[in-house]
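> one predicted model, sequence on top.
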Amino acid sequence: MGSRPASGVGAGGGDQQAQNTGAPLDKTFLTEVRQAGLWEIPACRPAQANASSEANKRAGLHLLDGHSKLDQPVRNDSEALHVPIPDQATAEQQCWAEQLRNARGSAFDQLFVDLLRESHGRVFITIGEVRASTKNSLVRRHATQANTTVQDHMDVLEETGLVTDATLDGVASSIPK
């Protein structure tokens, strides 16, 4: 019975940390994390002025902090792996951020929780797939960090008491069968 190198490196290589990632899901993951920050950071800022509940104001600050901490690592990882990532949110995400800038009071509170909880639920699915399957240790490390942050954000949004069955159904419908 032969032995394999403990690190997975050598004898034909295994670990791709310093190599380009060719996995489409790894690229999707890096893009989605970057795009989440691109729209959620500006979308969370109005929570202090536009939210009517202290829970949503706290959630806004908490999510702003979490996404700010994920943004530089995703940019560093994508550069190290030579994976281009976007510099602006999608048109749909920009529309969501604009809706939040224009909403006030309880309408803001519900829209904020609906949009952000659904968005976090959808990226959580991608993170799980990437964390379970990527062969790239850099991507695996980043997926672990993103998993912790996104789970925390979903918890904070759920603590507002405004997460609806419809929001959760929207996320459930996007789970690959």
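Yep, it's here.
> going forward, measure contacts between C-alpha atoms and count neighbours the same way
Will do.
> in three-state terms, how would residue 89 be classified?
coil (DSSP: H, G, I helix; E, B strand; the rest coil).
> residues in contact with it?
For residue 89, the contacting residues are 35-36, 38-39, by CA atoms under 8 Å, 6 or more residues apart in numbering.
> same check, this time on residue 174
Contacts for residue 174 were tallied using CA under 8 Å, 6+ apart; they are residue 122.
> use 10 as the first number from now on
Let's use 10 as the start, then, which means that last one is residue 183.
> check which helix or strand covers it.
Residue 183 belongs to no helix or strand when assigned by DSSP states H and E.
> so how far is residue 70 from it?
In this view, residue 183 and residue 70 are 28 Å apart by CA to CA, to the nearest Å.
> same check, this time on residue 142
Taking CA to CA, one finds residue 142 at 32 Å from residue 70.
> who's more crowded, those two?
residue 70 (16 against 13; other CA atoms under 10 Å).
> wasn't that one part of a strand?
No. Counting by three-state DSSP, one finds residue 70 to be helix, located in no strand.
> with adjacent residues omitted, what lies nearest to it?
Leaving aside its sequence neighbours, residue 70 sits nearest to residue 53 (CA to CA, 6 or more residues apart in numbering; 6.9 Å).
> and that neighbour, how many neighbours?
24.
> what do you get for residue 56?
Residue 56 - counted by other CA under 10 Å - has 28 other residues nearby.
> isn't it right up against residue 71?
No. Contact status for residue 56 versus residue 71: not in contact, 10.7 Å apart, counting by CA atoms under 8 Å.
> okay, and the helix or strand of this protein with the least pLDDT?
Ranked by mean pLDDT, DSSP states H and E, the weakest helix or strand in the chain is helix 174-181, scoring a mean of 84.
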